[in-house]
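> Here is a sequence together with a model predicted from it:
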Amino acid sequence: MAKREYQWFIQALNKKDNDSVAWELPAENFFEEVPCSDGKRRDMFLCENREQAKYFFKSLGRENVTVYSRTINQANRYGKARPVNLLMR
């Protein structure tokens with residue numbers, strides 16, 4: 001069985017924290033209307049890896065951000081993003 005690959009996203013829940021994330025990540029890491037598992041589409045920043053998502057989660061506080069992940073299959077198709085804040089502890 002092939003190892004699953006994931007993309008990690010961070011969504012800041014207020015303007016101040018959104019600006020902080022935008023300051024640290026390049027503009028091309030901002031994705032608009034990412035499809036999520038609850039049927040909504042959200043604007044989020046793509047993180048380089050899980051550790052970077054965890055960094056933002058811990059530094060900005062869990063009440064200010066939501067971390068999402070989505071799978072990437074072998075055909076480079078993306079799953080829907082789902083919240084994974086519980087994995088960041």
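Yep, it's here.
> so where is the chain shaky, pLDDT-wise?
Counting by pLDDT under 70, the ranges of the chain that qualify are 1-2, 75, 89.
> all strands for it, in order.
For the chain, the strands defined by DSSP state E occupy 5-12, 30-35, 41-47, 65-72, 82-83.
> any chance of these in a markdown table, plus distance to Ala53 and mean neighbour count?
(C-beta placed from N, C-alpha, C; glycine too.) What follows is the strands of the chain, written out as a markdown table (distance: least, C-beta to C-beta, whole Å; neighbours: other C-beta atoms under 10 Å):
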| stretch | distance to Ala53 | mean neighbour count |
| --- | --- | --- |
| strand 5-12 | 4 | 20 |
| strand 30-35 | 14 | 14 |
| strand 41-47 | 4 | 19 |
| strand 65-72 | 5 | 19 |
| strand 82-83 | 12 | 14 |
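> Any chance of JSON lines for those strands, columns distance to Glu24?
Output for the strands of the chain, formatted as JSON lines (distance: least, C-beta to C-beta, whole Å):
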{"stretch": "strand 5-12", "distance to Glu24": "10"}
{"stretch": "strand 30-35", "distance to Glu24": "12"}
{"stretch": "strand 41-47", "distance to Glu24": "9"}
{"stretch": "strand 65-72", "distance to Glu24": "13"}
{"stretch": "strand 82-83", "distance to Glu24": "21"}
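> And these: which comes nearest Asp19?
Between Asp19 and these, the shortest gap by C-beta to C-beta is with strand 5-12, which sits at 8.1 Å.
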